[in-house]
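Colleague: Can you look at this prediction? I've put the sequence above it.
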Amino acid sequence: MKKIITAALASATLLSTASFADIYLGVDAISGDSMSYTMKANTGGSATWDATETGYRIKLGAGELDDWTWQLYYSAIESNKYYWSSKSLTEFGYDLRPGWEIGNNFYFTLPFGINYGITETDSTVDSSSWARVGFKVGASISYVVADQIEFLAGYDYKGVVWQDIVVGSTTFSTTGSGSGMYFGVNLWFGNANQKAIGAVK
């Protein structure tokens, strides 16, 4: 019985260590996404405008860089023009990152994902908040230092659909798309060279 208990404890320890070693925490700086928006009214007519989004993204992820990783993230985004809002946008998202090792501690990934964002509206409209759903696809290059620190640079294309806004008897619908670069760092827990990055299978 003691041998069974000891073996079970050892197995649990190994499993928990392996799972922990695959996890990373990170932060990205969104350097300035160039967005184009189109707004249409149900009564006819439309408007278009360009905006720049900057901010940061805090991430929790897991996986192997030369295979698949996933990440959940929280973003705080500022824009020079949201039309119905002058406030910052809070965004939550989920990404998948298929990846390949390209040599000398460099890795190439093709992240894609979905997100949900919300901001407060200005007092000129009926709703107190304005939400959007979106997607993004992109590519990034990572470089790993000391088996645990991943530096990355990436480029994303994204599209968004905003919640309809009602002003009096008029309903406005808004869509947008754009692209931009980001720079980040991820801290892998455990031996990233063996577990998170998958150099040793």
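Modeller: It's in.

Colleague: Quick check: can you name the pairing partners of the helix or strand containing Ala139 and their directions?
Modeller: Element membership for Ala139, per DSSP states H and E: strand 129-145. Each strand paired with strand 129-145, and its direction, by DSSP bridges: strand 106-109 (antiparallel), strand 112-120 (antiparallel), strand 149-162 (antiparallel).

Colleague: Just to be sure, Trp84 is in a helix?
Modeller: No - per DSSP: H, G, I helix; E, B strand; the rest coil, Trp84 lies outside any helix segment and is coil.

Colleague: my read: it touches Glu120, true?
Modeller: No - Trp84 is not in contact with Glu120 according to Cβ atoms under 8 Å; the separation is 9.7 Å. From N, CA and C alone the C-beta is placed, and that goes for glycine too.

Colleague: Could you tell me which residues touch both of those two?
Modeller: Trp130 (Cβ atoms under 8 Å, 6 or more residues apart in numbering).

Colleague: which stretches of the protein have low pLDDT?
Modeller: Along the chain, segments meeting pLDDT under 70 span 1-21, 123-124, 190-201.

Colleague: in it, which spans are strands?
Modeller: 23-41, 46-63, 68-79, 89-103, 106-109, 112-120, 129-145, 149-162, 165-167, 170-188 (DSSP state E).

Colleague: Return the set of buried residues in the second one.
Modeller: Just to be clear, that refers to strand 46-63. 51, 53, 55-57, 59, 61-63 (16 or more other Cβ atoms under 10 Å).

Colleague: And for the first one?
Modeller: Of all the residues in strand 23-41, those buried under the rule 16+ other Cβ under 10 Å are 23-24, 26, 28, 30, 33, 35, 37, 39.

Colleague: what pairs with Ala47 across the strands?
Modeller: Met39.

Colleague: So what touches stretch 73-89?
Modeller: By Cβ under 8 Å, 6+ apart, stretch 73-89 touches 28, 30, 35, 37, 39, 49-60, 90-95, 115, 117-122, 124-125, 130, 132, 165, 172, 174.
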